[in-house]
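Trainee: only the shape, not the letters, is given here:
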């Protein structure tokens, strides 16, 4: 597959706790598109600032250029979320009297982690602007970001998952199922170990939910904490055919945290690429087959687009396992997992994601059936107000 005829945008950043990691992923993608020798028709690099502005930047920048926000030389953009809209360069000239130029993008590679870039907000805006994009559609993004809803879908499909309870101020301790302390407590909407705590007593869980910090303001979920469980992750894509990467066992760095922390995942220098891991994970063949089957089922349930990462928990000793969560736009787009017998070059992953975006639209709407009959038969609006 080639994307040589297409102008591709790479968008990253955004008002999210994962803003910095998103910059790393976006710069990796931009560099791969421009330096592999498989050039595209053009690359537009779109940085979404913490202040919710869009600017155009160069594809060869390093991470340090973004330490103070938009790098020097960035060009202001205006985004219009309506048919015929998209990204426009700001007016230039004296008093801004120049002419706007629309960035003619055939597709956008979405490298935004967390926040509105991964929860369906950006996806819906791009749908309105009729710009094809990689990764989850709006519905898939919203489901993947909602730990409570995703857990319910997995449970309804008959897959093993730990019981989860929504924690509200004053919530009573759960009495159903194998649900007792210690608890692992997570923001309902979020990821990457940010805001996740292990708490022994239910009263303290409720107090944590009442704190209302930025990570937990939209809700908290709790589940039983299994201290002997370890993380096993796998990347999956559905285009051009359903394919799984190698399984990895994520490793902790030996600190005091009882869970895989944000620093374990992202602070090694290159985002998820440099995080400590066992790759491929040393899994019993029977367990690997079970996890592979579960991955394929989850991929169908949630409608995988682009490259997603599915995270499992495995109990040491017993081999019991649970589906933990799904990451719809994973760090570094999980390029490091496509190795060994599952090897795929990063530029090929990106090219396939772009082709999928072009061939499989994220949203299609129509007004068929709205023929005016309901309007013609309606009584006055005043009469409907009672």
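Mentor: Okay, I see it. Not measured: the values here are computed from a predicted model.
Trainee: residue contacts, the residue nearest to the spatial centre of the chain?
Mentor: With distances taken as C-alpha atoms, centre = their mean, residue 329 lies nearest the centre of the chain, 3.1 Å away. Residue 329 makes contact with 25, 110, 111, 112, 113, 117, 118, 135, 136, 306, according to C-beta atoms under 8 Å, 6 or more residues apart in numbering. C-beta coordinates here come from the backbone N, C-alpha and C atoms, glycine included.
Trainee: how about 6 Å then?
Mentor: Taking C-beta atoms under 6 Å, 6 or more residues apart in numbering, we find residue 329 in contact with 113, 118, 135.
Trainee: same check on residue 25?
Mentor: Contact analysis of residue 25 by C-beta under 6 Å, 6+ apart lists 111, 332.
Trainee: tell me which element it falls in.
Mentor: helix 19-35 (DSSP states H and E).
Trainee: quick one: residues in contact with the helix or strand just after that helix.
Mentor: Moving toward the C-terminus from helix 19-35, the next helix or strand (DSSP H and E) is strand 42-48. Here strand 42-48 makes contact (C-beta under 6 Å, 6+ apart) with 7-11, 13-14, 30, 33-34, 54-55, 57, 59, 103.
Trainee: can we see that at 7 Å?
Mentor: Under the criterion C-beta atoms under 7 Å, 6 or more residues apart in numbering, residues 7-14, 30, 33-34, 54-59, 70, 74, 77, 87, 103, 105, 112, 117 lie in contact with strand 42-48.
Trainee: residues near residue 371, how many?
Mentor: 9 (other C-beta atoms under 10 Å).
Trainee: ok, which stretches of the stretch 101-250 of the chain are strands?
Mentor: Assigned by DSSP state E, counting those that start in this stretch, the strands in the stretch 101-250 of the chain fall at 101-102, 107-110, 165-167, 183-187, 197-199, 220-224, 229-237, 243-250.
Trainee: tell me which strands the first one pairs with, and in which orientation.
Mentor: Okay, so that is strand 101-102. Each strand paired with strand 101-102, and its direction, by DSSP bridges: strand 86-89 (antiparallel).
Trainee: circling back: filter the contacts of residue 329 down to just the ones in helices.
Mentor: Using DSSP state H, residue 118 are the members of the contacts of residue 329 that sit in helices.
Trainee: among the contacts of residue 329, which one sits closest to residue 165?
Mentor: Checking those against residue 165 by C-beta to C-beta gives residue 118 as the nearest, at 24.1 Å.
Trainee: wait, the closest one sits on residue 326?
Mentor: No - between residue 118 and residue 326 there is no contact under C-beta atoms under 7 Å: 11.1 Å.
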